[in-house]
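>>> whatever this is, show me its structure:
(2 chains)
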Amino acid sequence: MNIVLLEDDADTREAMAALLSLDAHQVEQAYDSSSFRLVTRNLRSEAVIFDLHLANDSNGLSLAMDYQARRQAAGLTLAKLIALSGSGNPDHVIANAKPPFPVHHRFVKPTDHAQILAALGS
Amino acid sequence: MLDLPSADAAAPPPHWHEAPLLNARLLLARREQLIRADLHEPAAASPALLARLTAPASRGEMLVAYDSSDEAWRLRHAGVAADTQLWLAQSVADSRSRLFSSLRDMLAQRLTESVLHELRNPLNALSLHADLIARLLAGDGSAERALPSVEVIKQRVGDLRRRQDAAVALWLGDAALAEAACADLAAVVDDSVRLLRSHLALQDVRLRSVDLHLIGAARLRGGAAQTRLALMALLLMACAGAKQYRSADGSSEVVLQAAIDGRALTLELQAPIDGQALGREVADTDGAGLMAGLGLLLEAADIRLEADPGQALTRLSLAAE
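Prediction:
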């Protein structure tokens, strides 16, 4: 599966990308809004794993929503969205934001890699 | 017995007037009698001081008195009730001690919050790298491929340990240690910068130190714990200020620079200072009162504090030894 991983913590991002690659996924990495737009410009990713709270003032949820809108406008099926939260209940954050597209899975850090794999496969 | 200062006594420094009187004792001055409101008992005062305290005064007016052991007291007029003048009174040493405790609790809370808030991110990195090591070793068994992850784990554990040390050092900080004389100023500055660096990093504010080696072997005359705390409070407020005033490229920076002019050593903190949050919670007063409180703490180490909000500059001056 083609996956884009949006995470500002470099250690976390690299480890997660390495683990997903070991499971035969193709992973593009992004850490803020401009790198995210760059790696998603061809709309190839079928799943987005994103951190809700990025330290650099980028908003993971709105970037994921923007990606879904671009895929929808291009006539593509929606990507699978997996949200990660390092500082609180992701359900509350997402409910308060009232996003236009559903977030399929939400996890609180530290994440269990097996759960991420299960979410990707479900 | 409290008495007015002798005519030749030096005038109290300006910050004594503005520094907050936390939990100060209330004195009732009426009919040539001074009464401690908490005990309903007379308090000893010289006739000259009593005459001054029972005379009409304007709210907020400040007096300095000395007790029989020559300890300085600050008295602030708090109002009038019928024929009674109300004065808040506190020894300067007690003011310092209460400010120290209040400020330490606030700083410890802030730093602990930032550690707890961010704890899940380092834990996530540790957990994922542990998973990765397990996978790599179970795969081709090559330990070498796992070495970068081992290095990440070591670094992140070290970072967590430093943050925990910072919080513990603050919680256990002892105001009584403040009077340890001749502390190493460079070590005090190092401690303060180290304790705050991760907090600034979390706020995406860069802390740059310039020429701190000039501090050299300068010694503090006392008040090491209070100096450390005052420096940390200033750095915290500088961080809050810098965060609000980011430059066009979105970056913000706090600069701590040492300079020597003759025998005078100065530490300049270059950043806008935002004392609002700390001011309200620590000093129950405004930013000026909080800066005066920090001045009172630094005074214990013979350090003078000058703030120039217009230049976003705070200067600490001390005589180098």
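
>>> quick check: the gap between residue B:146 and residue A:15.
To residue A:15, residue B:146 is 11 Å away according to CB to CB, to the nearest Å. (C-beta placed from N, C-alpha, C; glycine too.)

>>> who's more crowded, those two?
Higher neighbour count among residue B:146 and residue A:15: residue A:15, with 27 against 18, using other CB atoms under 10 Å in any protein chain shown.

>>> pretty sure that one sits against residue B:129.
Yes. Here residue A:15 lies in contact with residue B:129, judged by CB atoms under 8 Å, at a distance of 4.8 Å.

>>> what's the overlap in contacts for these two?
Residues touching both residue A:15 and residue B:129 (CB atoms under 8 Å, 6 or more residues apart in numbering or on different chains) are B:149, B:152.

>>> can you give the domain ranges for chain B?
As assigned by automatic domain parsing, chain B contains the domains B:15-92, B:95-171, B:177-319.

>>> dump those to JSON lines, plus mean pLDDT.
Converted to JSON lines, those look like this (pLDDT from 0 to 100):
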{"stretch": "domain B:15-92", "mean pLDDT": "92"}
{"stretch": "domain B:95-171", "mean pLDDT": "83"}
{"stretch": "domain B:177-319", "mean pLDDT": "84"}
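
>>> nearest to residue A:104, out of those?
Each of these was scored for nearness to residue A:104 using CB to CB, and the closest is domain B:95-171 (19.9 Å).

>>> so what sits against both of residue B:146 and residue A:15?
residue B:132.

>>> for burial, what's the neighbour tally of the residue in the stretch 151-300 of chain B that chain A sits nearest to?
Nearest residue of the stretch 151-300 of chain B to chain A (CB to the nearest CB) works out as residue B:152 at 4.9 Å. For residue B:152, the neighbour count with other CB under 10 Å is 21.

>>> could you pull up the contacting residues of it?
If a contact means CB under 8 Å, 6+ apart, then residue B:152 has A:11, A:15, B:125, B:129 as its contacts.

>>> again, only using 10 Å
By CB atoms under 10 Å, 6 or more residues apart in numbering or on different chains, the contact set of residue B:152 is A:10-12, A:14-15, B:125-126, B:128-129, B:132-133.

>>> contacts for stretch A:66-82 next, please.
Contacts to stretch A:66-82, defined as CB under 10 Å, 6+ apart, come from residues A:1-6, A:33, A:36-37, A:40-41, A:43-50, A:59, A:61, A:64-65, A:94, A:99-107, A:111, A:115-116, A:119-122.

>>> so which of these reach chain B?
The subset of those within reach of chain B, by CB under 10 Å from any CB of the partner chain, is A:107, A:111, A:116.

>>> could you dump these into TSV and include neighbour count, pLDDT and secondary structure?
Putting those into TSV (neighbours: other CB atoms under 10 Å in any protein chain shown; pLDDT from 0 to 100; DSSP: H, G, I helix; E, B strand; the rest coil) gives the following:
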residue	neighbour count	pLDDT	secondary structure
A:107	17	93	strand
A:111	23	88	coil
A:116	22	94	helix
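
>>> return the member of the residues you listed nearest to chain B.
Comparing those against chain B with CB to the nearest CB picks out residue A:111 as the nearest, at 6.1 Å.

>>> I'm done for today, thanks for sticking with me.
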